[in-house]
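S.K.: Sequence and computational prediction follow.
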Protein chains: 4
Amino acid sequence: MYVIIDLCVVPLGVGVSVSPYVAACQRVIEDAGLEHRMHAYGTNIEGSWDEVLAVVKRCHEAVHAMGAPRITTTLKLGTRTDREQHMDDKLESVETLLRDSDAGKV
Amino acid sequence: MYVIIDLCVVPLGVGVSVSPYVAACQRVIEDAGLEHRMHAYGTNIEGSWDEVLAVVKRCHEAVHAMGAPRITTTLKLGTRTDREQHMDDKLESVETLLRDSDAGKV
Amino acid sequence: MYVIIDLCVVPLGVGVSVSPYVAACQRVIEDAGLEHRMHAYGTNIEGSWDEVLAVVKRCHEAVHAMGAPRITTTLKLGTRTDREQHMDDKLESVETLLRDSDAGKV
Amino acid sequence: MYVIIDLCVVPLGVGVSVSPYVAACQRVIEDAGLEHRMHAYGTNIEGSWDEVLAVVKRCHEAVHAMGAPRITTTLKLGTRTDREQHMDDKLESVETLLRDSDAGKV
C-alpha cells in the first residue's frame, strides 16, 4: 500500500522555537531516502506505508531524544487503489485546471 | 513508546454515507483489544505505538477491501516521556480544573 | 451554513501541562452556549458557521491572554447541504450499524 | 491577530477526483489577495484572522455551490504574540539550520 502523507510534528515543553526539532525530522526523512517536500506547516512524504510510517516513528524518537518531553503530531494519510498517484500528480492536476481555466478552455 | 491517537478515516468515491466504513474501522479497533472511545469526529485510541499504528493500517486495508477506491485519514499522535498518561487522565485533568474553578477554588 | 467541528488548541512555550489552557477554552465554548462534547484529543462543537468560528477565535485570544506566546490549533470542519446532521446523529448511525451487525442483522 | 493556516478541503459524494473542487478553492484564495502556497496535501495561507477565516468559509460555499453535498476540511491555525512570522520565515529557519549543519556549523 502506497501512501502520501502530510506530517507536522510539534514538540511541547521546549519553548516557542521548534525549528531545531523540525530540522531533526527533516534529517530523519532525508536519511530514509523517501520523496518529500517541506512546506510552512508540515512536510509531504510519499512511499510504501511501512517505510513512511517507520519514518514518523523515528521522528518522534529523534525529537524525544533531543529532550522534548511531549510531542503532538498531526498527520494526513492518503491511499488509493484505483490508480497510482504521486505528490506531483496531485499538484499538477489542480494546476492544469487553473491554467486551462485562465486560458478560457474550461 | 506509548501513544494516544485521534483517528478519522474518510473514504472517497463511495457517496456521502460513510458510517458503514467507520463501523468497519470500529470493528478493526475492537478486534485489536486496544482502549478506544469514539466521538462525533473520530476515535481516540491508546496503546503501544506499533500496535496502534498497525490498527490504522488495518483500517485502511478494511475500507479499501469494502470497495472505497480512495481514503484520506487525519491522525493526531501524542507521545510523552515525562510521565505515563492515558486518555482518561487527559480528560480528568481538564474536568478537575473546571470543577475547582466552579467551586471557587481556582 | 451549519458546521460540526473538532477543535484541538495546543499552546506552545508554556511547558508540558496544557490543561489550564484547555480548561479556559472549555469556558469560552460553554459561554457561547453551543452544543459541545470534549474528548481526550479535542472538543466537538456544532452550530452556525459564524458562531462556531467566532468561538475558535476567542479560544486563541483567551489562550494568548493567559500568556501563551504561540498556539497551533488543529481543526476539522464538516458541512453538508443534503440534510441536517448533528453530532449525536453521526455517532448513532455508526453505533446502530455495530449493534445490528452484532445482532446478525447485517 | 495574524494567522498562518494550512487548509485541506475534501468534498464527499462527488467521486474520487477532487481536483476541480481544489482548483475552485485556489480561485477563492487568489481572489482574496492573500499570500498562499499550495502543496500536495493542502494550501498554506497567511493574513489577518478574519480575512483568512472568511476565505475558508467561501471555499466551503464555493464547493457546495459546485454540487458537493458534503465537505470535511482539515485546518491548522498558527498564531503568535511574541513576534511577527510569515510562511517563508518558518521554512527559512529550518532550512538555515539544515544548511549550517551540513556545513559543520552546528
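M.R.: It's in.

S.K.: what residues does chain A put near chain D?
M.R.: Among all residues of chain A, those adjacent to chain D (criterion: Cβ under 8 Å from any Cβ of the partner chain) are A:4-6, A:8, A:16, A:19-20, A:22-23, A:26-27, A:37-42, A:44, A:74, A:76, A:78, A:80, A:82, A:87-88, A:90-91, A:93-95, A:97-98, A:101. (Each C-beta comes from the backbone N, C-alpha and C, glycine too.)

S.K.: if you set the cut-off to 6 Å instead, what comes out?
M.R.: On the criterion Cβ under 6 Å from any Cβ of the partner chain, chain D has as its neighbours in chain A the residues A:6, A:19, A:22-23, A:26, A:39-41, A:44, A:76, A:87, A:90-91, A:93-94, A:97-98.

S.K.: can you confirm A:Leu53 is in a strand?
M.R.: No - applying DSSP: H, G, I helix; E, B strand; the rest coil, one finds A:Leu53 to be helix, outside a strand.

S.K.: which ones are touching it?
M.R.: Counting by Cβ atoms under 6 Å, 6 or more residues apart in numbering or on different chains, A:Leu53 touches B:Leu53.

S.K.: quick one: is the helix or strand of chain A with the lowest mean pLDDT near chain B?
M.R.: For chain A, using mean pLDDT, DSSP states H and E, the weakest element among its helices and strands is helix A:87-102, scoring a mean of 93. No - applying Cβ under 6 Å from any Cβ, one finds helix A:87-102 out of contact with chain B, separated by at least 11.2 Å.

S.K.: list the buried ones in that helix?
M.R.: Neighbour-count burial for helix A:87-102 flags A:87, A:90-91, A:93-94, A:97-98 (criterion: 16 or more other Cβ atoms under 10 Å in any protein chain shown).

S.K.: Stretch A:42-54 too?
M.R.: Within stretch A:42-54, the residues scored as buried using 16+ other Cβ under 10 Å are A:42-47, A:49, A:52-54.

S.K.: Check stretch A:17-34 too.
M.R.: Taking 16+ other Cβ under 10 Å as the criterion, stretch A:17-34 shows A:18-29, A:32, A:34 as buried.

S.K.: what comes into contact with it?
M.R.: In this structure, residues lying in contact with stretch A:17-34 by Cβ under 6 Å, 6+ apart are A:9, A:11, A:36, A:45, A:47, A:55, A:58-59, A:62-63, D:93-94, D:97-98.

S.K.: give me that answer again for 8 Å
M.R.: Where contact means Cβ atoms under 8 Å, 6 or more residues apart in numbering or on different chains, the residues beyond stretch A:17-34 that reach it are A:7, A:9-11, A:14, A:36, A:38, A:43, A:45-47, A:51-52, A:54-55, A:58-59, A:62-63, A:66, A:68, C:12, D:90, D:93-94, D:97-98, D:101.

S.K.: Which neighbouring elements make contact with the least confident helix or strand of chain A?
M.R.: Packing contacts for helix A:87-102, counted by 3 or more Cβ pairs under 8 Å, 6 or more residues apart in numbering or on different chains; DSSP states H and E, involve helix D:19-31, strand D:35-39.

S.K.: Now tabulate the ones you listed in TSV and tack on mean pLDDT.
M.R.: Output for these, formatted as TSV (pLDDT from 0 to 100):
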stretch	mean pLDDT
helix D:19-31	97
strand D:35-39	97
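
S.K.: Just want the angle from the least confident helix or strand of chain A to strand D:35-39.
M.R.: Taking axes from the mean of the first three to the mean of the last three Cα atoms, to 10 degrees, one finds that helix A:87-102 is oriented at 130 degrees with respect to strand D:35-39.

S.K.: re earlier: pick out whichever of the buried residues of helix A:87-102 sits closest to chain B.
M.R.: Closest approach between these and chain B, by Cβ to the nearest Cβ: A:Lys90, at 11.2 Å.

S.K.: List the residues that contact that closest one.
M.R.: A:Lys90 sits next to A:4, D:19, D:40-41 when contact means Cβ under 8 Å, 6+ apart.

S.K.: Distance check, A:Val3 against chain B.
M.R.: A:Val3 sits 8 Å away from chain B, taking Cβ to the nearest Cβ, to the nearest Å as the criterion.

S.K.: And for that residue, the neighbour number?
M.R.: A:Val3: 22 surrounding residues under other Cβ atoms under 10 Å in any protein chain shown.

S.K.: State the pair within the contacts of A:Lys90 that is farthest apart.
M.R.: Farthest apart among these by Cβ to Cβ are A:Ile4 and D:Ser19. That separation is 14.2 Å.

S.K.: which of the contacts of A:Lys90 tops the neighbour count?
M.R.: D:Tyr41 (26 neighbours).

S.K.: is it true that it touches A:Leu77?
M.R.: No - in this structure, D:Tyr41 is not within contact of A:Leu77 by Cβ atoms under 8 Å, at 9.4 Å.

S.K.: list the residues that contact both of these two?
M.R.: Taking Cβ under 8 Å, 6+ apart as the contact definition, D:Tyr41 and A:Leu77 share the neighbouring residues A:4-5.

S.K.: and A:Lys57, what element?
M.R.: Mapping A:Lys57 onto the secondary structure by DSSP states H and E places it in helix A:49-65.

S.K.: Send me that helix as PDB with only the CA atoms.
M.R.: Provided in PDB are the C-alpha atoms of helix A:49-65 (Å, rounded to 0.1, in the frame of the first residue of the first chain):
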ATOM      1  CA  TRP A  49       3.000   2.600   4.100                       C
ATOM      2  CA  ASP A  50       5.500   0.700   6.300                       C
ATOM      3  CA  GLU A  51       8.500   2.800   5.300                       C
ATOM      4  CA  VAL A  52       6.700   6.100   5.600                       C
ATOM      5  CA  LEU A  53       5.100   5.200   9.000                       C
ATOM      6  CA  ALA A  54       8.500   4.000  10.200                       C
ATOM      7  CA  VAL A  55       9.900   7.500   9.500                       C
ATOM      8  CA  VAL A  56       7.100   9.100  11.500                       C
ATOM      9  CA  LYS A  57       8.100   6.900  14.500                       C
ATOM     10  CA  ARG A  58      11.700   7.700  14.100                       C
ATOM     11  CA  CYS A  59      10.800  11.400  14.100                       C
ATOM     12  CA  HIS A  60       9.100  11.000  17.500                       C
ATOM     13  CA  GLU A  61      12.100   9.100  18.800                       C
ATOM     14  CA  ALA A  62      14.500  11.700  17.500                       C
ATOM     15  CA  VAL A  63      12.600  14.600  19.000                       C
ATOM     16  CA  HIS A  64      12.300  12.900  22.300                       C
ATOM     17  CA  ALA A  65      16.000  12.100  22.200                       C
END
